[in-house]
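[1] pasting the sequence and the predicted coordinates here, then a few questions.
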Amino acid sequence: MDWLTNANTTGGKFLLMFLAIALFVIVMGAILLLVDRPKRVPRWAVATAFAGPALLLLAWGLVRPALITVWNSFFDRRGQEFVGVDNYTQALTTGQFQGVLVTTAVWVILVPVASTLIGLLYAVLVDRTRFEKLAKALVFIPMAISMVGASIIWKFVYEFRPNQPGVSQTGLLNQVLVWIGLEPQQFLINSPWNTVFLIVVMVWIQTGFAMTVLSAAIKAIPDDIVEAARLDGLGGTKMFRYITVPSIRPALVVVLTTIAIGTLKVFDIVRTMTGGQFGTQVIANEFYTQAFRQNNQGLSAALAVILFILVIPIVVYNVRQLRRSEEIR
């Protein structure tokens, strides 16, 4: 059994990979054998064989950690003394954490609305134009950049240097201000506008997603509906208001709710650009700070539970809207 002790070696890794593949083949072969003989095996047994392993893994990897987090939220910072709902009371009533909740709410309101609106207008403007593919590719490119990468790019854009003789601006935005005769600004320090400048990064990334989904929805509008509207004299803004928007409403709901969920969990941008300082702290970054910087297990778990609770209504609304759209079809 030396290969077990040398599992980190190349040969040990290959052997473990081979055993895993062999076990997978045996299990799948047994499942397919059961499926080929439905008269002898009950349907519930076949369903359990297929879905059981996946459900067990989900329970172990998602449900179990969630229950542990909820349990830890009722204990003190060391996880030893039961304190009830004190962590939740502190998170919801203390001025510091109320500011975090307000900042997170600003993110959740502005990012989905701005991203969806810009993506929708852009999708309408470039629809069926000569350079449609190129125009869409340019807006979609930020989606291929990681949050940290995008944050570093925009941090250089916002870079500040004092406006002194012999000192040149390295930040693009401040250089533009100098060119037009204005003083350079510390965009990432001055509150509350620094939160808006961070939100711009998220909007820059998510607009490509909104544009792609909404553009596909626009192209799916039946041509006979468009032609009938044109015969009735609709065009321009009226066509957009009375035909385009109502026809793509399910897609709009999906885009808004998906971006809202992602925005609630925003962490990388704030962590990379400001570290949560200067009034830019959000729930996800505060959870990280309390857990790994302050070593406060109870409060960090409570913040994680609050974040989960905030996501639930958005998910429920999204599911209801999708069901309603399916009923209409």
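    Okay, I see it.
[2] for stretch 176-187, output the C-alpha coordinates as PDB.
    This file holds the C-alpha atoms of stretch 176-187, laid out as PDB (Å, rounded to 0.1, in the frame of the first residue of the first chain):
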ATOM      1  CA  VAL A 176      -9.000  64.000 -18.900                       C
ATOM      2  CA  LEU A 177      -9.900  66.400 -16.100                       C
ATOM      3  CA  VAL A 178      -6.500  68.100 -16.300                       C
ATOM      4  CA  TRP A 179      -6.800  68.500 -20.100                       C
ATOM      5  CA  ILE A 180     -10.100  70.300 -19.700                       C
ATOM      6  CA  GLY A 181      -8.700  72.600 -16.900                       C
ATOM      7  CA  LEU A 182     -10.200  70.900 -13.800                       C
ATOM      8  CA  GLU A 183      -8.400  69.600 -10.700                       C
ATOM      9  CA  PRO A 184      -7.800  65.800 -10.400                       C
ATOM     10  CA  GLN A 185     -10.000  64.000  -8.000                       C
ATOM     11  CA  GLN A 186      -9.500  61.100  -5.600                       C
ATOM     12  CA  PHE A 187     -12.400  59.100  -6.900                       C
END
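[3] list the contacts of that stretch.
    Outside stretch 176-187, the residues within contact range by CB atoms under 8 Å, 6 or more residues apart in numbering are Tyr158, Phe160, Arg161, Pro162, Asn163, Gln169, Gly171, Leu173, Asn174, Trp193, Asn194, Phe197. For every residue, glycine as well, the C-beta is placed using N, CA and C.
[4] if we go to 7 Å?
    Stretch 176-187 is contacted from outside by Tyr158, Phe160, Arg161, Asn163, Gln169, Leu173, Asn174, Asn194, Phe197, using CB atoms under 7 Å, 6 or more residues apart in numbering.
[5] and the third one, how many neighbours?
    One way to gauge burial is a neighbour count; for Arg161, by other CB atoms under 10 Å, it gives 15.
[6] state the distance from it to Gln185.
    From Arg161 over to Gln185 the distance is 11 Å, taken as CB to CB, to the nearest Å.
[7] ok, back up a step: ChimeraX command to pick out the buried ones of the contacts of stretch 176-187?
    The buried residues among those can be selected in ChimeraX (16 or more other CB atoms under 10 Å) with this line:
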select :158,160,169,173,174,194,197
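[8] between the contacts of stretch 176-187, which is nearest Thr89?
    Closest to Thr89 out of the contacts of stretch 176-187 is Asn194 (29.1 Å), distances taken as CB to CB.
[9] so the closest one touches Gly276, yeah?
    No - applying CB atoms under 7 Å, one finds Asn194 not in contact with Gly276, separated by 11.3 Å.
[10] per-residue confidence at Ala284?
    Listed pLDDT for Ala284 reads 91.
[11] list the contacts for it?
    Residues in contact with Ala284 (CB under 7 Å, 6+ apart) are Lys265, Val266, Phe267, Leu307.
[12] now with 6 Å, please.
    Lys265, Phe267 (CB atoms under 6 Å, 6 or more residues apart in numbering).
[13] ok but it is inside a strand, no?
    No - assessed with DSSP: H, G, I helix; E, B strand; the rest coil, Ala284 is helix; it does not lie in a strand.
[14] that one and Lys238, how far apart?
    42 Å.
[15] ok, now Gly84?
    Distance of Gly84 to Lys238, computed by CB to CB: 58 Å.
[16] before we move on, what about Val124?
    Val124 sits 13 Å away from Lys238, going by CB to CB.
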